[in-house]
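In: Have a look at this fold, sequence not included:
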């Protein structure tokens with residue numbers, strides 16, 4: 001039928017459709033297809049027609065697919081580049097590492113963003129940061145950004161520059177020397193000098209371990225400016241501590257001097273405690289030396305990272321200090337040594353060795369160490385429940401009086417309610433019932449300090465008497481004065 005309709009010349013409208021043509025080719029025997037000249041002509045014309053149309057269609061589809069592929073890839077690259085320039089700067093390294101197949105394409109896009117004045121400064125900085133891994137020409141701008149950046153951006157930039165140190169030094173061969181010059185030049189702003197020091201400590205920490213005079217002079221400056229920066233931005237404390245961790249050992253001495261400096265502000269001394277505990281929490285000797293001279297606020301910061309309890313090494317170091325012999329002829333040096341030993345006993349108490357404080361609380365010819373210990377226990381709020389238990393169980397009046405004095409020196413408001421009740425009960429019982437005049441007087445002082453004179457006057461009225469009663473070596477007269485009884489004869493030296 002197709003052959004007859006296509007006579008004398010095959011026209012497209014008389015040719016079989018592509019489906020019919022394909023069916024004929026597949027299922028009609030070759031002998032039948034070639035039975036007549038007209039059949040051969042129409043099938044050949046149909047083949048040419050359908051193959052040409054199929055080729056054109058296929059080419060169009062391929063072109064469309066290729067166009068779609070490159071359009072989608074272009075959008076993906078644009079999205080990845082935008083992702084790098086718009087995220088927090090701390091996320092840029094991870095974004096660059098995860099680019100995969102699109103790395104080179106995204107880098108080309110970022111090359112266009114980096115110098116683009118239409119982009120924001122933050123976008124340009126992120127683009128330059130990402131490009132550093134493939135383009136050393138970005139090193140100069142990144143160097144300038146580091147010396148002007150706040151935390152935590154500074155930490156990320158330094159880490160990225162350190163990671164790409166080869167590219168940095170390729171573009172800036174004198175980078176380390178230039179940074180050292182920034183640090184030692186006195187007319188630089190403290191903020192810029194501190195950032196240069198943080199950068200150099202990442203690139204070449206050994207430079208700060210030198211023993212030359214210039215290094216010796218610059219380390220205290222870095223330590224002081226570090227504490228000032230932390231005081232200005234407490235929220236960036238951890239970032240600043242990590243920034244100078246590579247040179248923690250060279251900074252130990254200047255930071256310790258600032259930690260101990262009484263003329264320094266409390267904020268700086270407490271910041272020094274935080275930095276030192278961050279660097280040396282695993283160094284028992286260093287931490288013990290700091291704790292022995294720490295203020296109560298510094299002590300709290302140090303023990304936040306360094307545990308005194310259940311540590312044999314801590315106990316060994318403290319026992320060595322406690323058992324040391326003091327032969328200082330100079331009074332001031334002797335008192336300093338006694339104070340250090342008393343503070344070590346207080347730390348032993350906090351480490352779980354309560355019995356270590358008892359010997360020094362006994363009556364002696366020289367009460368200096370005893371006085372230092374009582375003050376230290378009070379200012380550290382050291383184990384009030386343990387001290388209360390010791391006061392109730394000891395049979396030595398001098399020890400009991402010392403424990404009550406230490407408890408009375410503590411802050412009542414800082415103690416939890418159950419502890420307040422327990423300690424107050426000890427004060428009241430000792431004030432009313434203990435026969436020793438020293439214990440009674442210590443309890444009287446402690447009650448007055450904790451609860452004021454009203455409560456003390458009320459308790460005094462309950463035990464007023466014209467003379468000692470019940471074996472007491474004290475009494476309270478009608479004027480409310482506490483009178484101590486001394487049994488004679490007594491020999492003493494006056495003057």
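Out: Yep, that arrived. Worth saying up front: this structure is predicted, and the values here are computed from it rather than measured. Numbers count the residues shown, from 1 in each chain.

In: Quick check: residue 372 touching residue 343?
Out: Yes - between residue 372 and residue 343 there is a contact under C-beta atoms under 8 Å: 7.2 Å. Yep, even glycine has a C-beta here, placed from its N, CA and C like the rest.

In: higher neighbour count, the two?
Out: residue 343 (24 against 20; other C-beta atoms under 10 Å).

In: For the more buried one, which non-adjacent residue is closest in space?
Out: residue 292 (4.7 Å; C-beta to C-beta, 6 or more residues apart in numbering).

In: How many residues are close by that neighbour?
Out: Quick note: residue 292 (other C-beta under 10 Å) scores 19 neighbours.

In: where's it relative to residue 222, distance?
Out: 26 Å (C-beta to C-beta, to the nearest Å).

In: Next, give phi and psi for residue 104.
Out: phi -70, psi -40 (degrees, to the nearest 10).

In: which non-adjacent residue is nearest residue 298?
Out: Counting by C-beta to C-beta, 6+ apart, the residue nearest residue 298 is residue 273, at 4.1 Å.

In: before we move on, the earlier item: report pLDDT for the residue nearest to residue 343.
Out: Note on residue 292: pLDDT of 97.

In: Who are the contact partners of it?
Out: Contacts here follow C-beta atoms under 8 Å, 6 or more residues apart in numbering; on that basis residue 292 touches 321, 340, 343-344, 347.

In: how near is it to residue 326?
Out: Counting by C-beta to C-beta, the gap from residue 292 to residue 326 is 14 Å.

In: Residue 125 reaches residue 92, doesn't it?
Out: No - under the criterion of C-beta under 8 Å, residue 125 makes no contact with residue 92, lying 9.2 Å away.

In: Check this protein for its longest helix and report it.
Out: Ranked by residue count under DSSP state H, the longest helix found in the chain is helix 37-86.

In: Report the rounded mean pLDDT for it.
Out: 83.

In: ok, then the element right after that helix?
Out: helix 92-97 (DSSP states H and E).

In: Now do that following helix: which elements does it pack against?
Out: In terms of contacts (3 or more C-beta pairs under 8 Å, 6 or more residues apart in numbering; DSSP states H and E), helix 92-97 is packed against helix 37-86, helix 121-131, helix 153-163.

In: Just the terminal-to-terminal distance for stretch 474-486.
Out: By C-alpha to C-alpha, to the nearest Å, the extent of stretch 474-486 from end to end equals 9 Å.

In: now that stretch, how far from the centre of its chain.
Out: 57 Å (C-alpha atoms, centre = their mean, to the nearest Å).

In: And it, what's buried?
Out: 474-476 (16 or more other C-beta atoms under 10 Å).

In: Go through the residues you listed and name the one nearest residue 136.
Out: residue 474 (85.5 Å; C-beta to C-beta).

In: Roughly how far does that closest one sit from residue 464?
Out: 12 Å.

In: List the contacts of the closest residue in space to residue 233 that isn't next to it in sequence.
Out: In this structure, residue 233 finds its nearest non-sequential neighbour in residue 151, 6.7 Å apart by C-beta to C-beta, 6+ apart. By C-beta under 8 Å, 6+ apart, the contact list for residue 151 reads 233, 236, 239-240, 243.
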